[in-house]
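Chemist: attaching a predicted model along with its sequence, questions to come.
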Amino acid sequence: MLSRPHISSFHNGTIEPGARGPILRDDDGLYWRLRFADECAADGLNGRVRVRGRIVDVDRIEVEFIQT
């Protein structure tokens with residue numbers, strides 16, 4: 001179980017395509033599926049990014065915003 005699932009934080013990494021949407025591979029090699037409130041926000045994302053969001057599952061981040 002996650003200790004603080006409702007705290008927003010920054011996650012740095014590289015966006016990669018996934019079968020169910022974009023995936024963030026962070027600097028430690030961990031993979032996170034990204035969930036957007038507006039699915040259109042995921043269109044065209046690639047390369048190095050900084051994501052602010054909440055970890056809502058062991059492999060999923062609910063995205064608040066992305067810096068490219």
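Modeler: Arrived safely, thanks for sending. Since we're looking at a predicted model, the values are computed, not measured.

Chemist: tell me which element Glu64 falls in.
Modeler: According to DSSP states H and E, Glu64 maps onto strand 60-67.

Chemist: for the residue nearest the centre of the chain, name its beta-bridge partners.
Modeler: Per Cα atoms, centre = their mean, the C-alpha nearest to the average position across the chain is that of Leu34, at 3.9 Å. Note on Leu34: beta-bridge partners by DSSP bridges are Ile61.

Chemist: need the pLDDT of Pro17.
Modeler: Looking at Pro17, its pLDDT stands at 88.

Chemist: against Asp43, how distant is it?
Modeler: 11 Å (Cβ to Cβ, to the nearest Å). Every C-beta, even on glycine, is put in place using the N, C-alpha and C of the backbone.

Chemist: likewise Glu16?
Modeler: Applying Cβ to Cβ to Glu16 and Asp43 gives a distance of 15 Å.

Chemist: more neighbours: which of the two?
Modeler: Neighbour totals were compared for Glu16 and Asp43, and Glu16 leads with 13 against 9 (other Cβ atoms under 10 Å).

Chemist: neighbouring strands - and their directions - for the top strand by length along the chain?
Modeler: In the chain, taking DSSP state E as the definition, the longest strand is strand 47-57. With DSSP bridges as the test, strand 47-57 is paired with strand 8-16 (antiparallel), strand 60-67 (antiparallel).

Chemist: re the thing from before, return the residues in contact with the residue nearest to the centre of the chain.
Modeler: Leu34 makes contact with 15, 21-24, 42, 51, 53, 60-61, 63, according to Cβ atoms under 8 Å, 6 or more residues apart in numbering.

Chemist: if I pick Gln67, what's in contact with it?
Modeler: 49-52.

Chemist: for the residue nearest to Arg35 when sequence neighbours are not counted, what are its contacts?
Modeler: Distance criterion Cβ to Cβ, 6 or more residues apart in numbering; nearest residue to Arg35, sequence neighbours excluded, is Glu62 at 5.0 Å. With contact set as Cβ under 8 Å, 6+ apart, Glu62 has these partners: 35, 53-56.
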